[in-house]
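1. Here is a sequence together with a model predicted from it:
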Amino acid sequence: MASLIQVRDLLALQGRMEAKQLSHSLDTPQPMIDAMLARLEAMGKAVRIQEDADGCLAGSCRRCPQGKACLREWWALR
């Protein structure tokens, strides 16, 4: 089980990562990583970076069967 400090340190080392990558690297369940990232964001230590929909080739992400699965969400330290 990873700690909040380990999540912060890994983000500091890697620059930016997705929650799924953090979960895999730290061998911690994704819901726990999501909660830790939300806490870091609330404390003003981390920032959520979302890709624009410009990367969608069809331009129809709202009707996408995967439900915007093509849009990636990154996390980085402030």
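-> Here it is on my side, so go on.

2. Report the buried residues of the helix or strand harbouring residue 38.
-> Residue 38 is part of helix 30-42, with elements assigned from DSSP states H and E. Of all the residues in helix 30-42, those buried under the rule 16 or more other CB atoms under 10 Å are 33, 36, 37, 40. From N, CA and C alone the C-beta is placed, and that goes for glycine too.

3. and that helix, what does it pack onto?
-> For helix 30-42, the packing partners by 3 or more CB pairs under 8 Å, 6 or more residues apart in numbering; DSSP states H and E come out as helix 4-14, helix 19-26, strand 46-50.

4. Could you rerun that using 10 Å?
-> Here helix 30-42 is seen to pack against helix 4-14, helix 19-26, strand 46-50, strand 73-77 when contacts are counted using 3 or more CB pairs under 10 Å, 6 or more residues apart in numbering; DSSP states H and E.

5. Let me have these in JSON lines, extended by mean neighbour count and mean pLDDT.
-> Shown next, in JSON lines, are the helices and strands packed on helix 30-42 (neighbours: other CB atoms under 10 Å; pLDDT from 0 to 100):
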{"stretch": "helix 4-14", "mean neighbour count": "15", "mean pLDDT": "94"}
{"stretch": "helix 19-26", "mean neighbour count": "17", "mean pLDDT": "94"}
{"stretch": "strand 46-50", "mean neighbour count": "14", "mean pLDDT": "93"}
{"stretch": "strand 73-77", "mean neighbour count": "16", "mean pLDDT": "93"}
